[in-house]
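Asks: Just need the structure, nothing else, for what follows:
(one chain, ligands or ions: 1)
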Amino acid sequence: MTTFDPCWLGSKRLPEVTIHASGALAQTIRAEFRQTPRLRTELEVALCTIGRLDETPLAGLIRQVLPTDGLGDEGFVVMRQGNNLVVAAEAGRGLLYGYFYLLRYFEWMDGDFTVVERPAIPVRMLDHWDNLTPHPVMGSVERGYSGGSIFFRDGRVVEDLTRVRAYARLLASIGINAVAVNNVNVHAAETRLLTDHLPDVARLAGVFREYGIALHLSVNFASPIELGGVDTADPLDERVARWWSSAVKRVYDAVPDLGGFVVKADSENRPGPHTYGRDHSDGANMLARALAPYGGTVFWRCFVYDCHQDWRDRSTDRARAAYDHFIPLDGRFDDNVVLQIKHGPLDFQVREAVSPLLGELQETTFALELQVTQEYTGQQKDLCYLGPWWREILHFDTTGADGPTVAERTKAIVAVSNIGDDPNWTGHKLAQSNLYAYGRLAWDPSADPVSLLHEWAAATFAMDDRTRSELVAIMADSWRTYERYTALLGVGFMVTPGTHYGPNVNGYEYSAWGTYHFADRYGVGVDRTVATGSGFTGQYPEPLAGRYENVYTCPDELLLFFHHVPYDHVLQNGRTVLQHIYDTHFQGYEEVEAMLTRWKSIADRFDPTTRENITPRLEAQLANAREWRDQVNTYFYRLSGIPDAHGRTIYR
Ligand code: BDP
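Replies: Below you'll find the model as predicted:
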């Protein structure tokens, strides 16, 4: 029998609850509730839909606090007055989220209170890059660091869906309402999810449905050719549109509430409309029209750039690509197309600018795409809590002058999942916190990432408050620590090509992938200015564009993302660029050392499985940080010939 970690749901208890609701999700809540250990209390607790509010004693008071535009499908109210506690919602999903709210906070609830919750972003999704048949290079889960797929094994959907149900439950508990189960790089085997594997896709969808989660499939744009029948995938060819209509009909016959499709087209060698001289709107709209009769959505990815191009001239800066492809098409997409935009213009780096597309699309619905799996952020070997980074992105002011934030503009949020079939789900047990924080921030972007860590830690480990504070202190700033020992002021990608783990300063410097640092004996950084560089800064509106364009107003942490400067350029923080590189790489290493020491001082308060999971990983992280520190510092010392101002050892 497989056993797996219950994560943050393991320690929860509830009092007796009366449920006044019917429907499929109310069934799920009843089943959930039956499995939850009881807590003795005097409170009368009720869960009900608004229609049945009169069955509870707080009906009148709750009606007074309902928002004028209602709670929507997903919102809920929790009210406690004296001995009564009521959770009320308009629909099944709201009730489910209300139930999980109760589960999360019940033991902390004190005194009378009223909470009205509605998610800030309507679609909150996780994308899995899982392969039906393990890929020869990428394995079972592309960029997965926690074992194999929980959905697929030996070229089929797994028979026993117990683990999938546990996962759906975890996701619902943090408010996730959509998943895509297969890799965006759809190979031959996964293309057949649309045909041979449909009954199994329906089984998967059934489990997610129990938790209010809509299943999506990543599809291959060339399916009409690969699955046979048509000799083209030209989106404007009638035969192709017909092929997709009947394929979609078959899918909806099997899964009537499928969320829709995710598409990676004309990107990193995947097929797409460009082959036929068509553009992304032609491609996306053709699929959208096939899905529209069933209420389905196309998530069309904007991670589109030419991976064979190199930096030939200013127009081929990879950072420009998404905007250059999609802004001219703004307004040409059907209503059920969502453009899925990576948070940065390059690729999920530990630090990069926020994509200007997130601020500049005016007439097209879009989704912000994040990466929970730690491809570029330590691969679940290194501890890197990403909550603070995502919060920064969500709160990014898209104009630079009190304009709308990314969170306010986006209608959907998507992230690449970090889970696999490892007993603890995420490989590094502490990486569970990233999944937790993602869901909670997607629901409420104003949540404080450090409070979320406390919440997660309290629910995950049985420990006293002091130990919890220590653990949180170890984790809270680990993203910045990771940034310090790996990156330089907005320059990333100095990683081992292919695997993307560990330092290789020039690994991608002379290849065609478009990810450079341009270091020479005088200076470092990428000139993306309008005046002398790629012109990327011009993709932002004023005053943001001007702020990035000017080397003296560009924020330090992005200086080398936007500018090529001499090593003795003085930053706003008063240090030279080179000294900053040395300092941060020494500091990053020392911080990991301190994290390890601190962890060792509390490790024996954790169970042996947790200890044996975390201690060796932190030790490996220290070795990795040292490697990064030494390679980066040596590289820049040799190139510049300028020693460290503090005389620390730089290995040659
Ligand atoms: C890159 C990954 C690659 C993915 C790609 C994507 O290295 O494995 O296929 O993103 O998002 O970061 O499509």
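
Asks: The ligand contacts on the stretch 301-450 of the chain?
Replies: Contact residues, the stretch 301-450 of the chain versus the ligand (Cβ under 6 Å from any ligand atom): Phe303, Asp347, Phe348, Glu375. To be clear about C-beta, it is placed using only N, CA and C from the backbone, and glycine gets the same treatment.

Asks: Can I get those residues in TSV including pLDDT and neighbour count?
Replies: TSV is the format used below for those (pLDDT from 0 to 100; neighbours: other Cβ atoms under 10 Å):
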residue	pLDDT	neighbour count
Phe303	96	18
Asp347	96	21
Phe348	97	22
Glu375	98	23
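
Asks: can you tell me how far Pro187 sits from Leu193?
Replies: For the record, residue 187 is His, not Pro. 11 Å (Cβ to Cβ, to the nearest Å).

Asks: Settle it for me: which of those two has more neighbours?
Replies: Leu193 (24 against 16; other Cβ atoms under 10 Å).

Asks: What's the separation between the more buried one and His216?
Replies: 11 Å.

Asks: swap in Thr529?
Replies: Relative to His216, Thr529 is positioned 39 Å away (Cβ to Cβ).

Asks: Please apply the same query to Ala205.
Replies: 10 Å.

Asks: Out of the two, name the residue with the larger neighbour count.
Replies: Comparing Ala205 with His216 by other Cβ under 10 Å, the one with more neighbours is His216, at 27 against 23.

Asks: Next, the more buried one: phi, psi?
Replies: With angles defined as degrees, to the nearest 10, His216 sits at phi -130, psi 160.

Asks: Same check on Gly535?
Replies: Taking degrees, to the nearest 10 as the convention, Gly535 sits at phi 80, psi 10.

Asks: ok, now the one 3 residues further on?
Replies: Dihedral angles phi and psi of Gly538 (degrees, to the nearest 10) take the values phi -70, psi -10.

Asks: average model confidence for the longest helix along the chain?
Replies: The longest helix of the chain (DSSP state H) is helix 608-640. Averaging pLDDT along helix 608-640 gives 98.

Asks: Give me the pLDDT for Glu107.
Replies: So Glu107 comes in at 89 (pLDDT).

Asks: And the one 3 residues further on, by the same measure?
Replies: According to the predicted model, the pLDDT of Asp110 comes to 91.

Asks: number of nearby residues for it?
Replies: Look at Asp110: counted by other Cβ under 10 Å, it has 8 neighbours.

Asks: can you give me phi and psi for it?
Replies: phi -150, psi 130.

Asks: please begin residue numbering at 29 from this point
Replies: Shifting the count to begin at 29 puts that one at Asp138.

Asks: For it, give its distance to the ligand.
Replies: Taking Cβ to the nearest ligand atom, to the nearest Å as the measure, Asp138 falls 44 Å from the ligand.

Asks: how near is that residue to Arg108?
Replies: For Asp138, the distance to Arg108 - Cβ to Cβ - is 9 Å.

Asks: Give me the spatial nearest neighbour of Trp328, chain neighbours excluded.
Replies: Spatially, and ignoring its direct neighbours in sequence, Trp328 is nearest to Ala312 (4.2 Å; Cβ to Cβ, 6 or more residues apart in numbering).

Asks: residues contacting the residue nearest to Gln109 when sequence neighbours are not counted?
Replies: Spatial nearest neighbour of Gln109, excluding adjacent residues (Cβ to Cβ, 6+ apart): Asp140 at 5.4 Å. Listed by Cβ atoms under 8 Å, 6 or more residues apart in numbering, the contact set of Asp140 reads Arg108, Gln109, Gly110.

Asks: ok, the last one - how many residues close by?
Replies: Residues near Gly110, counting by other Cβ under 10 Å, number 12.

Asks: Give me the nearest residue to the residue most central in space within the chain, chain neighbours excluded.
Replies: Central residue of the chain (Cα atoms, centre = their mean): Ala443, 2.7 Å from the mean position. Sequence neighbours aside, Leu398 is the residue nearest to Ala443 in space, at 4.2 Å (criterion: Cβ to Cβ, 6+ apart).

Asks: correct me, but that neighbour touches Ile441?
Replies: Yes. Counting by Cβ atoms under 8 Å, Ile441 is a contact partner of Leu398 at 7.2 Å.

Asks: These two: which has the busier surroundings?
Replies: More neighbours surround Ile441 than the other of Leu398 and Ile441, with 31 against 23 (other Cβ under 10 Å).

Asks: Enumerate residues external to the helix or strand hosting the more buried one that contact any of its residues.
Replies: In this assignment (DSSP states H and E), Ile441 forms part of strand 440-444. Contact partners of strand 440-444, identified using Cβ under 8 Å, 6+ apart, comprise 149-157, 171, 327, 366, 368, 376, 393-401, 403, 466, 470.

Asks: what distance separates that strand from the centre of its chain?
Replies: Chain-centre distance of strand 440-444: 5 Å, with Cα atoms, centre = their mean, to the nearest Å.

Asks: Would you mind checking which of the contacts of Asp140 is nearest to the ligand?
Replies: When these are compared for distance to the ligand (Cβ to the nearest ligand atom), Arg108 wins out at 44.5 Å.

Asks: so that closest one sits in a helix?
Replies: No. Secondary structure of Arg108 (DSSP: H, G, I helix; E, B strand; the rest coil): strand, not part of a helix.

Asks: What is the neighbour count of it?
Replies: 19.

Asks: Ok, Cys35 next?
Replies: 24.

Asks: How about Ser274?
Replies: Ser274: 11 neighbours (other Cβ under 10 Å).

Asks: ditto for Asp425
Replies: Using other Cβ under 10 Å, the number of residues around Asp425 comes to 15.

Asks: wait, it sits on Thr433?
Replies: Yes. Under the criterion of Cβ under 8 Å, Asp425 is in contact with Thr433, at a separation of 5.9 Å.

Asks: tell me the SS of the residue nearest to Ala443?
Replies: On the basis of three-state DSSP, Leu398 is classed as strand.

Asks: show me what contacts it?
Replies: His371, Phe376, Leu414, Trp418, Ile421, Ile441, Val442, Ala443, Val444, Tyr466.

Asks: As JSON lines, these with distance to Glu238 would be great.
Replies: JSON lines is the format used below for those (distance: Cβ to Cβ, whole Å):
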{"residue": "His371", "distance to Glu238": "31"}
{"residue": "Phe376", "distance to Glu238": "31"}
{"residue": "Leu414", "distance to Glu238": "29"}
{"residue": "Trp418", "distance to Glu238": "28"}
{"residue": "Ile421", "distance to Glu238": "32"}
{"residue": "Ile441", "distance to Glu238": "23"}
{"residue": "Val442", "distance to Glu238": "22"}
{"residue": "Ala443", "distance to Glu238": "22"}
{"residue": "Val444", "distance to Glu238": "24"}
{"residue": "Tyr466", "distance to Glu238": "21"}
